[in-house]
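Asks: below are the sequence and a predicted model; questions follow.
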Amino acid sequence: MDSLPLDITLNIFSRLPFVSFIHCNRVSKSWHALLKHPQVQQAFLESQNNLCLILHCSSSCSPQDQIFLVNNCSHLSNDDDHWKEIMKINIPSKNHKFSSVSNCKGFLFLSYNESNNKLVVYNKICVHNIYTAELTHLPGSHLVIKGFKVACSFGFHPRTKEYKVVRIVEQECVRYYFGQYELSLDQSIEVFTLGTYAWRTKRSNPFLLRMQPSEALINGALHWLGQAKVRHSQIILSFDLEDERFYQIPSPNCRFDVLDWHLLVLGGCLSLAVYNHNEKNKIDIWLMKNYGMKESWTKEFTINSGSLSLGSIRPQCLLKNGKVLFEYAKQSLFLYDTNKKTTKKIILGDFPYYFQAVPM
């Protein structure tokens with residue numbers, strides 16, 4: 001393999017299934033070094049059409065969370081409802097309970113809190129390269145004290161080719177307005193670029209974000225639900241990973257004030273799942289088919305939850321035949337047929353864990 005021209009090597013590795021590509025990393029030191037080559041990883045990423053899932057499994061009985069890779073959602077578009085390839089990803093670190101797990105182009109982003117004693121807690125972050133099994137600990141940990149909340153997200157910008165971590169730190173503060181004191185929330189934004197050595201603080205955030213990891217990465221921007229500080233109306237926000245600025249994204253013509261909703265990416269489009277508890281337990285799925293254009297929002301289909309609890313359903317990805325894969329109650333995966341309006345449970349085999357699904 002070492003003697004082959006690079007273009008032939010790229011062609012060979014780009015044809016491998018995801019799990020096989022990872023296994024090749026363990027063949028020899030020379031193959032391990034080859035798979036670390038940026039062009040090899042880029043060629044492989046660009047060739048992948050199969051949808052995969054990361055399962056973040058957490059249990060009170062275990063001191064450390066487990067991470068699994070579920071390979072190839074595409075075959076579920078047929079009648080096969082069994083997943084045959086589930087691979088454990090070994091994270092080379094001491095016992096941690098991860099507060100946030102996300103995936104971007106084969107890099108696992110892991111956030112966790114670490115305490116030296118009962119009084120001091122630090123938020124720490126590491127990034128695990130699934131291809132090479134390398135773990136990178138980011139410098140600088142954030143002190144978490146009473147009244148503070150921390151939420152972290154991870155993304156990639158296709159033009160700059162940079163991976164960035166965005167950390168939101170929220171705290172309660174007291175402000176003096178027109179002769180009286182008021183309790184309000186303040187959020188600061190910290191950004192870290194992989195390959196650098198320091199965090200940068202961005203304080204020009206005119207919005208309040210939901211204190212949770214970003215739910216959608218698309219067009220080089222992370223997306224959250226949030227609200228304007230002045231009107232307190234519910235809005236969709238993006239953080240561009242190139243210019244590191246916030247923007248408001250136009251919302252579809254549906255009510256947000258009385259409904260539960262969350263963002264996701266379906267079919268390569270920014271999407272919105274709107275939970276209507278008052279109308280026969282339905283979830284309306286909206287797609288923004290032309291990014292940034294309000295008029296391109298389309299209610300693509302509606303999921304009828306049937307006997308399933310509406311609030312426990314989290315759509316994950318859209319298969320080629322139009323079926324929707326969704327996580328249910330952090331313990332099951334289902335397929336919803338948008339044409340037949342039917343639901344089918346996916347068999348994961350002997351998989352005893354509760355989990356949170358993370359699309360790749």
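Replies: Cool, the structure landed.

Asks: which residues touch Ser214?
Replies: Residues in contact with Ser214, defined by C-beta atoms under 8 Å, 6 or more residues apart in numbering, are 102, 153, 155, 166, 222-224, 239. In this view, the C-beta of every residue, glycine as well, is placed from N, C-alpha and C.

Asks: and the closest residue to Glu242 other than its chain neighbours, what does it touch?
Replies: What sits nearest to Glu242 in space, not counting adjacent residues and going by C-beta to C-beta, 6 or more residues apart in numbering, is His157, at 5.1 Å. Counting by C-beta under 8 Å, 6+ apart, His157 makes contact with 164, 220, 241-242.

Asks: and with 7 Å instead?
Replies: Taking C-beta atoms under 7 Å, 6 or more residues apart in numbering, we find His157 in contact with 220, 241-242.

Asks: over to Gln187?
Replies: By C-beta under 7 Å, 6+ apart, the contact set of Gln187 is 168-170, 205, 208-209.

Asks: so it, which of the three states?
Replies: strand (DSSP: H, G, I helix; E, B strand; the rest coil).

Asks: show me the contact partners of stretch 301-308.
Replies: Here stretch 301-308 makes contact (C-beta under 7 Å, 6+ apart) with 281-285, 313, 324, 328, 336, 338, 341, 343.

Asks: can I get that stretch as PDB, trimmed to CA atoms?
Replies: C-alpha atoms of stretch 301-308 as PDB (Å, rounded to 0.1, in the frame of the first residue of the first chain):
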ATOM      1  CA  PHE A 301     -45.100  15.700   6.400                       C
ATOM      2  CA  THR A 302     -46.700  15.000   9.700                       C
ATOM      3  CA  ILE A 303     -45.800  12.100  12.100                       C
ATOM      4  CA  ASN A 304     -48.700  10.500  13.900                       C
ATOM      5  CA  SER A 305     -47.400   9.300  17.200                       C
ATOM      6  CA  GLY A 306     -50.200   6.900  17.800                       C
ATOM      7  CA  SER A 307     -49.800   5.100  21.100                       C
ATOM      8  CA  LEU A 308     -46.300   6.500  21.600                       C
END
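
Asks: starting at the chain centroid, how far to stretch 156-164?
Replies: How far stretch 156-164 lies from its chain's middle: 16 Å, per C-alpha atoms, centre = their mean, to the nearest Å.

Asks: all helices of the protein, in order?
Replies: For the chain, the helices defined by DSSP state H occupy 6-14, 18-24, 29-35, 38-47.

Asks: might one say that Val358 is in contact with Ser100?
Replies: No: with contact defined as C-beta atoms under 7 Å, Val358 does not count as touching Ser100 (9.9 Å).

Asks: returning to what we had before: narrow the contacts of stretch 301-308 to those in strands?
Replies: Members of the contacts of stretch 301-308 lying in strands (criterion: DSSP state E): 282-285, 313, 324, 328, 336, 343.
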